[in-house]
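S.K.: Mind looking at a prediction? Sequence and model below.
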Amino acid sequence: MKRIIVFRIVSNTALGSNYTLMKLTPEDNAELPDTCPGQFVQIYVPDSKSTYLRRPISINFVDKKSNQLWLLIRNAGDGTAALMRMKAEERLNIIMPLGNGFTLPSDGERKLLLVGGGVGVAPLYALGHKLVDGGYRPVFLLGARSESDLLMLDEFKALGDVMICTDDGSVGHHGVVTTHEVMNGTFDRIYCCGPMPMMKAVANMVRNSGAECEVSLENTMACGVGACLCCVEPTVKGNVCVCTEGPVFNINQLTW
Amino acid sequence: MKRIIVFRIVSNTALGSNYTLMKLTPEDNAELPDTCPGQFVQIYVPDSKSTYLRRPISINFVDKKSNQLWLLIRNAGDGTAALMRMKAEERLNIIMPLGNGFTLPSDGERKLLLVGGGVGVAPLYALGHKLVDGGYRPVFLLGARSESDLLMLDEFKALGDVMICTDDGSVGHHGVVTTHEVMNGTFDRIYCCGPMPMMKAVANMVRNSGAECEVSLENTMACGVGACLCCVEPTVKGNVCVCTEGPVFNINQLTW
Amino acid sequence: MVNLNVNIGNLSLKNPVLTASGTFGYGPEFADFIDLNRLGGFIVKGTTLEPRQGNPYPRMVETPSGMINAVGLQNKGVDYFIEHIYPQIKDVDSQIIVNVSGAGVDDYVEVCRRLQQHTNIKAVEVNISCPNVKQGGMAFGTTCEGAASVTRAVRKAFEGTVLVKLSPNVTDIAEIARAVEAEGADSVSLINTVMAMAIDVERRKPYLSTVTGGLSGAAVRPIAVRMVWQVAKAVKIPVIGLGGIMNGRDALEFILAGATAVEIGTANFINPAVTVEVIDYIEDYCTRHGVDNVNSLIGALDY
Amino acid sequence: MVNLNVNIGNLSLKNPVLTASGTFGYGPEFADFIDLNRLGGFIVKGTTLEPRQGNPYPRMVETPSGMINAVGLQNKGVDYFIEHIYPQIKDVDSQIIVNVSGAGVDDYVEVCRRLQQHTNIKAVEVNISCPNVKQGGMAFGTTCEGAASVTRAVRKAFEGTVLVKLSPNVTDIAEIARAVEAEGADSVSLINTVMAMAIDVERRKPYLSTVTGGLSGAAVRPIAVRMVWQVAKAVKIPVIGLGGIMNGRDALEFILAGATAVEIGTANFINPAVTVEVIDYIEDYCTRHGVDNVNSLIGALDY
């Protein structure tokens, strides 16, 4: 069940100059609703003149022990910049959980690749946790423009093997993720979240590899609950709302 | 000369729940421009969704020694509420000084009454200072709804005799300022700033007393520099801009 | 106890708060957030005779205090609605109003005829003001003749309450309202979105696939209030006001300007519980102001 | 070095940035904040034959991302302007454009005739779109005949450049623009304010003494960009775009949509230095995008 929850910001930590990791807990200390990796939330940005609509942000992690919601925020404009400026103890009105998460591996699927680009690594952290809890050993392929755009590396390394690519070669493989040698391996299931060109490149590379591949879209949206029909993506079933039918799609459903 | 100045907030101190006293200094430490008591500033409110225009606020005081601008802010809506929430070290973009101040006493004018209502006491503090510096001993008649709406009493008491009225009788004379006995006295010059009904009542009471009387208007304004022609007040010269011809007017100029 | 009941033609609403077409899905989308039974009514999304895929993505861009959309009436068609959606909502203790669109007059008539078979659809809102379709839509809503022709045909085909939703993209909206009233409409609702456009200057491209779209949200409220004021003075039928209502105060602007009921649109995207908050606010406002019947506030502007 | 010069008829502007009538006084009001010589031009406030006191206070209310005004053309009349204001501004190294209003065609003509005597007034902007006066104003601007009649008369009376400022409160602004072009206007400027209204619900009174007024500011920008886009495709004369430009990015929206120049209005109230910031932004944008002449951006939308 989707809920409107007022959160208290526990911390909002800068990760370099373009990102923050925000940790929140419900103001009334009520237990967080159940969520799946890949779902997202809609945040009302209180103090930004130019921000009228809510901002959809991926769930980075839900820490059941501390009852905390984690969000990775990138400075993508006035709305997210205002969120990045917020401080501990301030309040945020958030609707959650929204959309459908990633599909967990079926029986027999053991070789799992999680491909993240930029802030698109956010939901892969929750997913990685879930997979590790399920006894899997996921491989992460994380790409970014530059070293300073690689987020939560230590956290990912605690979950599995981590391969790194940067566009400028400042660390790891010099080039986009699809040029990394790990992409030549055989996988049962690939999860991908990042910029659209990256996801399309990954999808096209693995489409006939026999691997299942899911991507997480971030089409511009207004409501987040399937009412406005703004965030549609063409699929084999016609135009569907990314907010309710996605944001995670199997690439076989897309018309890429 | 009017200037656009970026200020650093030095402090923003709550005076009860509905007011703050904000002290600011230019971010670049440049010397504050000369101002006259009764002039005002226009503040750009950075973080209020519903505030589009600047907010005009009276100059409460300019402390030359510390190079500080003081503003008394009342919670009068979203814009001022956002200003009240601001914290030390935050920045504000302010245009100043605007409008014309109070007329200082002419030779021979010695008996001066300063009548303030609510947050309208703000410019009377700067004026009181100026008068004391000029060797006068002003009398203050300060009215408010209730005790908690009486602002900067200690500061005013340091400048002259202070009479107090409250609508609810919680302190001082129980009733509006025009019912206070001091209003029966003889004055050479009366300065008045407060809610419109109060100023009109004072004006009507003293009009034929022989005292000069100036009031400070706060008509709704947009630009503050005489361009938009929104804040007009009917006068014996026709409609004039409160922002450039006022905000201080001799009551003989008004059509009250 | 405040009486919040208002009537639109023969349609009785338990309170004056409706949801605007295309902003509330079919209703169940919001059931996690509010009790649908509390609504005065809900206007389900624009329904056409045949299914429509709508316009290509991107369809939406945020603008100052508003948004532009170019959805283009994406819907699964009237038959799908009747078969799959209507059963889910027909027993909600509120009023279902179906927003109807078509490329030609015959389409409107046929959709209304099919809806008419279903007892709990007591009203239709005839959309002659959608700016995002190539045929029909706003083309009907910008001339008196066009508006009259659709209204006349629907009036004959549908026995229930007929609302006609007007376009603000006209010189004289009161004139259109009178034309529609003359053809037997029970009510006019206004405003639909204002035709608008925004450009990504770095890419030198329009933000929308259709170049132009319809502006909604708080930005247009002052335009909408003005038009409701003009129309309410021009017609005798009840007026339903919408356009940028974000809260109860905003709703009261429309009621005081002459609206008998209001529709909440874009605000549902920002606060999915806004409708019930508006209902509560109106009731509280009446209590504070010693008003025991909300009808006495309609057009009660003191000017 | 970017060429920012644009031409409106015979009027050469050193850059495409003008100030909108009624938002910049006569110019000197802003001399503390910017160097007036930097402006492409400044359009001085609405000038009428006789002095006007304008509408009673209150004349303004803030709305979401905008404001409604009902100033009603308060000004001291054309003779006062010529005698007292013109000498103060005639030597500014920019272009002076006088916005002209009247209750009837003869008024427009007479004001233009008197302005014509003064060499440094090379252009007038004919205001047929003021929503805040009882006679003239928008009444002329909402029909092709009305717009044509004023334009025809002014065209005969004034030898310099004639701009006609259009009202957005119409069904088809392109049609009005074509009517004005046909009568010899050198340019159209758009949009004037959108007729609007706001209500103080606690007092049940309109915020403005005139009940309705004109909405301006960022809120209307998407409407203005759309109309500039429509008009630029419909006429051959240069279009001047305005409506809610708050910064350089916004100005480029209008230029890409087809405007040869832009006017900055309400933004002057919020940032009195905005005009020069817009000029600098446009120059920087051209440099960043490898554009050596701003004229190549006019209507350069890729759609």
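M.R.: Right, received. Where do you want to start?

S.K.: Which single residue in chain C comes nearest to chain B?
M.R.: Residue nearest to chain B within chain C: residue C:65 (8.0 Å; Cβ to the nearest Cβ). For glycine as for every other residue, the C-beta is placed from the backbone atoms N, C-alpha and C.

S.K.: Make sure that residue is actually in contact with residue D:62.
M.R.: No - the pair residue C:65 / residue D:62 is not scored as a contact, 11.5 Å apart, by Cβ atoms under 8 Å.

S.K.: In terms of packing, which of the two has more residues around it?
M.R.: Comparing residue C:65 with residue D:62 by neighbour count (other Cβ atoms under 10 Å in any protein chain shown), the higher total belongs to residue C:65, at 26 against 21.

S.K.: and the more buried one, what does it touch?
M.R.: If you count contacts by Cβ atoms under 8 Å, 6 or more residues apart in numbering or on different chains, residue C:65 has them with A:52, C:217, C:218, C:219, C:244, D:64, D:65, D:66, D:218, D:219.

S.K.: repeat for residue A:207
M.R.: A:213, A:251.

S.K.: Tell me where the stretch 101-250 of chain A has helices.
M.R.: For the stretch 101-250 of chain A, applying DSSP state H, counting those that start in this stretch gives helices covering A:122-133, A:153-157, A:196-206, A:242-245.

S.K.: Can you add mean pLDDT and give those back as CSV?
M.R.: Converted to CSV, those look like this (pLDDT from 0 to 100):
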stretch, mean pLDDT
helix A:122-133, 97
helix A:153-157, 96
helix A:196-206, 95
helix A:242-245, 97
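
S.K.: for these, which one sits closest to chain D?
M.R.: helix A:196-206 (19.0 Å).

S.K.: for the closest one, packing partners?
M.R.: With contacts defined as 3 or more Cβ pairs under 8 Å, 6 or more residues apart in numbering or on different chains; DSSP states H and E, the packing partners of helix A:196-206 are strand A:112-117, strand A:189-193, strand A:212-216.

S.K.: Same list (the helices of the stretch 101-250 of chain A) but as a markdown table, adding mean neighbour count and distance to residue B:168.
M.R.: Listed next are the helices of the stretch 101-250 of chain A as a markdown table, based on neighbours: other Cβ atoms under 10 Å in any protein chain shown; distance: least, Cβ to Cβ, whole Å:
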| stretch | mean neighbour count | distance to residue B:168 |
| --- | --- | --- |
| helix A:122-133 | 23 | 55 |
| helix A:153-157 | 15 | 59 |
| helix A:196-206 | 19 | 64 |
| helix A:242-245 | 23 | 53 |
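
S.K.: related to what we said a few turns ago, any idea how far the residue of chain C closest to chain B lies from residue C:213?
M.R.: Applying Cβ to Cβ, to the nearest Å, the value for residue C:65 to residue C:213 is 16 Å.

S.K.: Tell me the buried residues in stretch C:39-52?
M.R.: C:39, C:40, C:41, C:42, C:43, C:44, C:45, C:46, C:47, C:48, C:49, C:52 (16 or more other Cβ atoms under 10 Å in any protein chain shown).

S.K.: residues contacting the second one?
M.R.: Applying Cβ under 8 Å, 6+ apart, we find residue C:40 in contact with C:4, C:6, C:13, C:14, C:15, C:16, C:17, C:18, C:94, C:95, C:261, C:279.

S.K.: My read is that residue C:251 contacts residue C:281, right?
M.R.: Yes - between residue C:251 and residue C:281 there is a contact at 7.2 Å, judged by Cβ under 8 Å.

S.K.: Compare those two (neighbour count), which wins?
M.R.: residue C:251 (30 against 18).

S.K.: circling back to that earlier point, among the contacts of residue C:65, which lie within helices?
M.R.: When DSSP state H is applied, the contacts of residue C:65 are split such that none fall in helices.

S.K.: Mind picking the two most distant members of those residues?
M.R.: Using Cβ to Cβ, the two most remote members of the contacts of residue C:65 are C:244 and D:218, lying 14.1 Å apart.

S.K.: Show me which residues of the stretch 1-150 of chain A are close to chain C?
M.R.: Within the stretch 1-150 of chain A, the positions near chain C by Cβ under 8 Å from any Cβ of the partner chain are A:1, A:2, A:3, A:4, A:44, A:50, A:51, A:52, A:53, A:54, A:95.

S.K.: give me the subset of those touching chain B.
M.R.: Residues of these in contact with chain B (Cβ under 8 Å from any Cβ): residue A:51.

S.K.: Just the buried residues from the residues of the stretch 1-150 of chain A next to chain C, in ChimeraX please.
M.R.: Buried residues within the residues of the stretch 1-150 of chain A next to chain C, by 16+ other Cβ under 10 Å, are selected in ChimeraX with:
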select /A:2,44,50,51,52,53,54,95
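
S.K.: Show the residue spans covered by the helices in the stretch 151-300 of chain C.
M.R.: Ranges of helices in the stretch 151-300 of chain C, per DSSP H, counting those that start in this stretch, are C:173-182, C:221-234, C:248-257, C:267-270, C:274-288.

S.K.: Please name every helix or strand in contact with the fourth one.
M.R.: In terms of contacts (3+ Cβ pairs under 8 Å, 6+ apart), helix C:267-270 is packed against helix C:274-288.

S.K.: From the rest of the structure, what touches the helix it packs on?
M.R.: C:2, C:4, C:15-17, C:19, C:30, C:34-35, C:38-40, C:245-249, C:251-252, C:255, C:262, C:264, C:267-268, C:271, C:291-294, C:297, D:201.

S.K.: Not counting sequence-adjacent ones, nearest residue to the residue in chain A that chain B sits nearest to?
M.R.: Residue nearest to chain B within chain A (Cβ to the nearest Cβ): residue A:47, separated by 3.9 Å. Nearest residue to residue A:47 in three dimensions, chain neighbours excluded: residue B:47, at 3.9 Å (Cβ to Cβ, 6 or more residues apart in numbering or on different chains).

S.K.: what's residue A:239 in contact with, if anything?
M.R.: A:229, A:232, A:233, C:53, C:54, C:57, C:74 are the contacts of residue A:239 under Cβ under 8 Å, 6+ apart.

S.K.: Next, the fifth one: secondary structure please.
M.R.: When the structure is split into helix, strand and coil by DSSP: H, G, I helix; E, B strand; the rest coil, residue C:54 lands in coil.

S.K.: Quantify the burial of the closest residue to it other than its chain neighbours by counting its neighbouring residues.
M.R.: Spatially, and ignoring its direct neighbours in sequence, residue C:54 is nearest to residue C:74 (2.9 Å; Cβ to Cβ, 6+ apart). Per other Cβ under 10 Å, the neighbour tally for residue C:74 reads 23.

S.K.: Could I get the contacting residues of residue C:74?
M.R.: Taking Cβ under 8 Å, 6+ apart, one finds A:229, A:232, A:239, C:52, C:53, C:54, C:55 in contact with residue C:74.

S.K.: Farthest pair within those?
M.R.: A:232 and C:52 (12.0 Å).

S.K.: Make sure residue C:150 is actually in contact with residue C:127.
M.R.: No - in this structure, residue C:150 is not within contact of residue C:127 by Cβ under 8 Å, at 9.3 Å.

S.K.: Between the two, which has more neighbouring residues?
M.R.: Each of residue C:150 and residue C:127 has its neighbours counted (other Cβ under 10 Å); residue C:127 has more, 32 against 26.

S.K.: Might you report the residue contacts of the residue of chain A closest to chain B?
M.R.: A:82, A:85, B:47, B:48, B:49, B:82.

S.K.: Next one: it relative to residue C:218, how far apart?
M.R.: 16 Å.

S.K.: Next: residue C:98.
M.R.: Residue C:98 is 27 Å from residue C:218, by Cβ to Cβ.

S.K.: if you count what's nearby, which of these two comes out ahead?
M.R.: Each of residue C:98 and residue C:218 has its neighbours counted (other Cβ under 10 Å); residue C:98 has more, 29 against 26.
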